[in-house]
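Q: need coordinates for the below:
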Amino acid sequence: MKKVGILALILVLCGCIEVGKFTPERHALHEYGKPNCEHQPDRCINGVAW
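A: Coordinates of the predicted model:
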């Protein structure tokens with residue numbers, strides 16, 4: 001059981017090495033649904049999308 005816990009801890013640490021580094025495609029998908037305040041001013045308050 002101890003070996004399983006250590007293995008799980010190692011896997012979690014290896015998965016967190018490059019947190020926040022995404023491909024350009026992933027960033028494009030994240031920005032896809034956000035309104036453009038210049039073209040959709042009704043979806044923005046003081047220039048900030050909500």
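Q: so where is the chain shaky, pLDDT-wise?
A: 16-17, 19 (pLDDT under 70).
Q: and the helices in it?
A: Counting by DSSP state H, the chain has helices at residues 2-15, 24-32.
Q: hey, C-alpha coordinates of the longest one in CSV?
A: Included here for helix 2-15 are C-alpha records, laid out as CSV according to Å, rounded to 0.1, in the frame of the first residue of the first chain:
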residue,chain,number,x,y,z
LYS,A,2,2.9,2.3,0.8
LYS,A,3,4.3,1.7,-2.7
VAL,A,4,1.0,2.6,-4.3
GLY,A,5,0.9,5.9,-2.4
ILE,A,6,4.5,6.8,-3.4
LEU,A,7,3.8,5.9,-7.0
ALA,A,8,0.7,8.1,-7.0
LEU,A,9,2.7,11.0,-5.5
ILE,A,10,5.4,10.7,-8.1
LEU,A,11,2.7,10.7,-10.9
VAL,A,12,1.1,13.8,-9.5
LEU,A,13,4.4,15.6,-9.3
CYS,A,14,5.4,14.6,-12.8
GLY,A,15,2.0,15.9,-14.1
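Q: still on that earlier bit, TSV for the helices of the chain, including distance to Arg43 and mean neighbour count?
A: For glycine as for every other residue, the C-beta is placed from the backbone atoms N, C-alpha and C. What follows is these, written out as TSV (distance: least, Cβ to Cβ, whole Å; neighbours: other Cβ atoms under 10 Å):
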stretch	distance to Arg43	mean neighbour count
helix 2-15	35	9
helix 24-32	14	9
